[in-house]
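>>> just need the structure, nothing else, for what follows:
(2 chains)
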Number of protein chains: 2
Amino acid sequence: MKIICEKSEILKGIRTVSKAVSVKSSMSIIECILIECSDDEIKLTANNMEFGIETKIKGTIEEKGVVALEARILQEIISHLSESDVTITTDSNNLTTIVCEKSKFNIVGRPGDDFPVLPDVEKNEPLIISEYSFKEIVKQTYFSVSESESNKMMSGELIEINNNKMTVTSLDGHRISIRKIELNYDHEDMKAVVPGKTLNEVTKIISGDTDKDIEIYFTDKHLLFEFDETRVVSRIIEGEYFKVNQMLSNDYETKFDINKKSFTECIERSTLLVKEGDKKPIIIDITDENMELKINSTIGSLDENIDIEKEGRDIKIGFNPKFLIEALRVIDEEVITVYMVNPKAPCIIKDEKESYIYLILPVNFNTIN
Amino acid sequence: MKIICEKSEILKGIRTVSKAVSVKSSMSIIECILIECSDDEIKLTANNMEFGIETKIKGTIEEKGVVALEARILQEIISHLSESDVTITTDSNNLTTIVCEKSKFNIVGRPGDDFPVLPDVEKNEPLIISEYSFKEIVKQTYFSVSESESNKMMSGELIEINNNKMTVTSLDGHRISIRKIELNYDHEDMKAVVPGKTLNEVTKIISGDTDKDIEIYFTDKHLLFEFDETRVVSRIIEGEYFKVNQMLSNDYETKFDINKKSFTECIERSTLLVKEGDKKPIIIDITDENMELKINSTIGSLDENIDIEKEGRDIKIGFNPKFLIEALRVIDEEVITVYMVNPKAPCIIKDEKESYIYLILPVNFNTIN
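Just a heads-up that it's a prediction; the model follows:
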């Protein structure tokens, strides 16, 4: 194999696929990036067996071929070269030479045959949304994907299309996040549970432009993202997702409007008094036009009041501050509406159209507090 | 004690003195910041027993007094308050209340009497240099202060004034860094060894403006930095510094000019092939108008050539790449001159005026390499 590419072009390709490189694996071949050159294209591929990324780069092909190179060292070498043309040559033993101006690196490559190929995904009707919307909706839901691997279903997000409305749902046993957007074209109803990690990695490699689209194809076992010269292939999580609708209720005993920024900053201040790992809840006391927020710890105490507009009963309720903060951070509205039932039932933050719904379970608190 | 200050003013003061707060100490009082209010000034002080910082802040004093507050929590609380006036009140038990708009924090303070006072430093003739020059000269020498505490003298930098020229020297057993600047006024000859850590922390709190000066006062045991509303007091390292002049020689067998950027980037590339902790030297082979740089490791090999302008003998010599890179990074010149004697003698990088001198010891290398 022999190719000549601009340094910036090959580096961009490596950075794109490197999101799918396995960092530490018992299969060392998946710590590599595969370089494949046919007659007319140069393709880079990485595949960590959960999801894979391939991207085409521009360059001159002087000799066809294929080689797998350790991703970390390849990226470091290329990024430290001068801004000039880079020639990559491999011999029949996969010994690879990287030349740029007066620098000449030799590294040992591995046969391309050992590299796991990406599954072929049949292209049906694609889901098409702007890179901007995709990035936003993942940011607004990914934080409540479960970090624990013990429940496979909780590590995914449900993507559902109903009447040309797309709903994305994630939950982790303490909270549920739901975001909805209207599609601007007709798409048949469908649903699939996609690994949260895949969604998050895709947001890192797309530009996020409003006028660029990403196409997503679903099959029973896989999904395929297509944008620019790049394809991301991921498995789908098989099985039935949680029946989230049963957990949502429109009944409430207390409803109030609150300034989102004041509420967020107040909760952030309260966490200053909690040592890491300490599961101290914050206590929210809602009476008339006032929310009083209190926390008491070995470090000190905080007492703070925020004006609210309330309907319904007074309530005193405890929360893990992290769960409130993470939901509040991804809501753009200046004033939000919070719905509560009783100190043991979940609270819900949502807008009137239900374009977002954040459900958070409360925490028991010692009433002496 | 009761004071009212703008949040930004008190936060600026806390950030300034916090550089002298001890992070982990058996004496927990030195993890605090002391707030002292007399009739007419509010002063913040931190003192880690190596050096101390005090700074005055603007504010209204409603009641005189003094209290020591845990620095980390004080800084976190203040930085999370709204941009508004902050009232700090302490009672006779040092219980401290911090109020800002509708937030009210209570934290436990400690008696000010327990806090170690900063030593009084008699003010003689000050050394006056611009904050810019001070920041530069420390950056250009601090990297070769010894990290090990086993040799106290090596943890300091020698500041010397001779004929109105200031010389700053640091060394760590593998290399020596020397920088000289002309003072623009008459100052009597002097020398003192100052802890490198103090110098480095002072560079972090000064603005680095060319038109602002820093004043430095020396006594036998201490030195005092004065700038803006801030004073930094540090002990001096007592004893005689190394006789550096004896280690410098003007004799050489090989002298060459090289482009600094090409040389630096080439050495940086060579380090990519060295695993951390591995003490692999780079081999430099100087012949005629060419420097060839080679490294061979288990990861791969690099062979690179750079044009040079040489006088004298050919030479093959090995170096720890880190020592070369750190010196090259703080030299501003586009082309530098390197002097060598033989593969076992130190190399010297210096300009004609000797405004900088960097001496680096070579490393033995296996000649089979």
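
>>> for A:R235, give me its contacts.
The neighbours of A:R235, taking C-beta atoms under 8 Å, 6 or more residues apart in numbering or on different chains as the test, are A:50-51, A:195, A:221-222. C-beta here means a position set from N, CA and C on the backbone, and glycine is covered the same way.

>>> dump those residues into a markdown table; add pLDDT and neighbour count as well.
Formatted as a markdown table, the contacts of A:R235 follow (pLDDT from 0 to 100; neighbours: other C-beta atoms under 10 Å in any protein chain shown):
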| residue | pLDDT | neighbour count |
| --- | --- | --- |
| A:E50 | 91 | 14 |
| A:F51 | 95 | 24 |
| A:P195 | 96 | 20 |
| A:K221 | 94 | 10 |
| A:H222 | 96 | 18 |
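
>>> contact partners for the spatially most central residue of chain A?
Taking C-alpha atoms, centre = their mean, the centroid of chain A lies closest to A:N200, which sits 2.2 Å from it. For A:N200, the contacting residues are A:138, A:142, by C-beta under 8 Å, 6+ apart.

>>> that one in helix, strand or coil?
Following DSSP: H, G, I helix; E, B strand; the rest coil, we place A:N200 in the helix state.

>>> next one, pLDDT for it please.
The model reports A:N200 with a pLDDT of 97.

>>> please report the distance of the nearest residue to A:D114 once chain neighbours are set aside from chain B.
Spatial nearest neighbour of A:D114, chain neighbours left out: A:I29 (4.8 Å); criterion: C-beta to C-beta, 6 or more residues apart in numbering or on different chains. From A:I29 across to chain B, the span is 17 Å (C-beta to the nearest C-beta, to the nearest Å).

>>> from what I can see A:I29 touches A:V67, true?
No. If you go by C-beta atoms under 8 Å, A:I29 and A:V67 don't touch, sitting 11.8 Å apart.

>>> which bits of the stretch 101-250 of chain A sit near chain B?
Residues of the stretch 101-250 of chain A found near chain B (C-beta under 8 Å from any C-beta of the partner chain) are A:102-108.

>>> what about burial for those residues, which qualify?
A:102-103, A:105-107 (16 or more other C-beta atoms under 10 Å in any protein chain shown).

>>> now, the residues you listed that are in strands?
A:103, A:105-107 (DSSP state E).

>>> which residue does the stretch 201-350 of chain A have closest to chain B?
Residue of the stretch 201-350 of chain A nearest chain B, by C-beta to the nearest C-beta: A:G300 (3.6 Å).

>>> pLDDT weak spots in chain A?
Along chain A, segments meeting pLDDT under 70 span A:366-369.

>>> where do the helices sit along it?
Remark: helices assigned in chain A by DSSP state H are A:7-17, A:71-79, A:131-142, A:196-205, A:260-271, A:321-329.

>>> and B:D85, which of those is closest to it?
Closest approach to B:D85 among the helices of chain A (C-beta to C-beta): helix A:260-271, 16.4 Å.

>>> just the closest of the ones in strands among the buried ones among the residues of the stretch 101-250 of chain A next to chain B to chain B, please.
A:I107 (3.7 Å).

>>> residues in contact with the closest one?
A:69-70, A:73-74, A:77, A:96, A:98, B:299-300.

>>> now the residues you listed in JSON lines, with distance to A:K261 and neighbour count?
Below are the contacts of A:I107 laid out as JSON lines (distance: C-beta to C-beta, whole Å; neighbours: other C-beta atoms under 10 Å in any protein chain shown):
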{"residue": "A:L69", "distance to A:K261": "49", "neighbour count": "24"}
{"residue": "A:E70", "distance to A:K261": "47", "neighbour count": "20"}
{"residue": "A:I73", "distance to A:K261": "46", "neighbour count": "18"}
{"residue": "A:L74", "distance to A:K261": "45", "neighbour count": "26"}
{"residue": "A:I77", "distance to A:K261": "46", "neighbour count": "23"}
{"residue": "A:T96", "distance to A:K261": "54", "neighbour count": "22"}
{"residue": "A:I98", "distance to A:K261": "51", "neighbour count": "21"}
{"residue": "B:I299", "distance to A:K261": "51", "neighbour count": "21"}
{"residue": "B:G300", "distance to A:K261": "53", "neighbour count": "20"}
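
>>> how about a markdown table for those, with distance to B:P119 added?
Listed next are the contacts of A:I107 as a markdown table, based on distance: C-beta to C-beta, whole Å:
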| residue | distance to B:P119 |
| --- | --- |
| A:L69 | 60 |
| A:E70 | 56 |
| A:I73 | 53 |
| A:L74 | 56 |
| A:I77 | 53 |
| A:T96 | 63 |
| A:I98 | 59 |
| B:I299 | 53 |
| B:G300 | 56 |
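
>>> just curious, which of these is nearest to B:E136?
A:I77 (33.1 Å).

>>> ok, the closest one to chain B distance?
Taking C-beta to the nearest C-beta, one finds A:I77 at 6 Å from chain B.

>>> that residue touches A:T96, doesn't it?
No. Contact criterion C-beta under 8 Å: A:I77 and A:T96 do not qualify, at 10.1 Å.

>>> using the record's assignment, carve chain A into domains.
The record's domain parsing of chain A by automatic domain parsing lists A:2-114, A:127-243, A:248-360.

>>> for B:S355, which of those is the nearest?
By C-beta to C-beta (comparing all of these), the closest turns out to be domain A:2-114, at 29.7 Å.

>>> now A:V145. Its backbone dihedrals?
phi -70, psi 140 (degrees, to the nearest 10).

>>> for A:E41, same thing?
phi -150, psi 150.

>>> residue contacts, the nearest residue to it once chain neighbours are set aside?
Distances taken as C-beta to C-beta, 6+ apart place A:K56 nearest to A:E41, at 5.4 Å, with adjacent residues excluded. Residues in contact with A:K56 (C-beta under 8 Å, 6+ apart) are A:13, A:41-44, A:229-230.

>>> so which of these comes closest to A:S130?
Nearest member of the contacts of A:K56 to A:S130, counting by C-beta to C-beta, is A:T230, at 16.1 Å.

>>> partner residues bridging that closest one?
A:T55, A:F227 (DSSP bridges).
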